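>>> Sequence and predicted structure below; questions after.
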Amino acid sequence: MSTVETYYIKQYQGIVPACGVFCGGCPNYVRDRKPCPGASEAGRCDQCKFYLCCTERGLSHCFECEIFPCKQFKRFAQSWKKYGQDFIANQLLLKEVGEKEFLAQWNAGERQCEAL
């Protein structure tokens, strides 16, 4: 029998980074001590391999790439499932509804951070 763990979500109105994380559900963003400012802070994602790859290809998000989801992205996405977000599902939602609605759904609680 598997247990579902639900993670705390904080409101986030910034940009959605190339990887598709909802920063408001990231454990680094929601922590009490020295929280991450989110992807909106200038330079925050500049060294991220997915940001750099997208920038090199002239893309905003990984879903726009012809090889999405690449092997590297799949590994990355799998490693983050323990924090309750499925980055492949996030990318598909971004593709379907765009950044504004993506943020609206997460902030309204229509999406949840859950890990099995």
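On my side now, so go ahead. Predicted model only: the values in this text are computed from it and were never measured.
>>> Just give me the longest helix of this protein.
helix 87-107 (DSSP state H).
>>> This structure: strands as residue ranges?
Along the chain, counting by DSSP state E, strands occupy 5-6, 114-115.
>>> ok, back up a step: and the longest helix of the chain, what's buried?
Residues of helix 87-107 classed as buried: 87, 88, 90, 91, 93, 94, 102, 103, 106, 107 (neighbour count, 16 or more other C-beta atoms under 10 Å). (Each C-beta comes from the backbone N, C-alpha and C, glycine too.)
>>> Check stretch 76-84 too.
76, 77, 80, 83, 84.
>>> Skipping adjacent residues, who's closest to the fourth one in space?
Of all residues beyond its chain neighbours, the one nearest residue 83 is residue 27 (5.5 Å), with distances taken as C-beta to C-beta, 6 or more residues apart in numbering.
>>> Over to the second one?
Distances taken as C-beta to C-beta, 6+ apart put residue 87 closest to residue 77, at 3.9 Å, once the chain neighbours are dropped.
>>> Tell me who's in contact with that neighbour.
By C-beta atoms under 8 Å, 6 or more residues apart in numbering, residue 87 lies in contact with 19, 20, 21, 73, 76, 77, 80.
>>> closest to residue 11 among the residues you listed?
Nearest to residue 11 among those: residue 21, at 15.0 Å, using C-beta to C-beta.
>>> That closest one: neighbouring residues, count only.
By the criterion of other C-beta atoms under 10 Å, residue 21 has 23 neighbours.
>>> From residue 75, how far off is it?
15 Å (C-beta to C-beta, to the nearest Å).
>>> Show me the shaky parts of this protein.
1-7, 42, 115-116 (pLDDT under 70).
>>> how far away is the most centrally placed residue in the chain from residue 56?
The centre of the chain sits closest to residue 21, judged by C-alpha atoms, centre = their mean, with a distance of 0.6 Å. Remark: distance between residue 21 and residue 56 (C-beta to C-beta) = 20 Å.
>>> now do residue 103
25 Å.
>>> Please apply the same query to residue 70.
Note on residue 70: its distance to residue 56, by C-beta to C-beta, is 13 Å.
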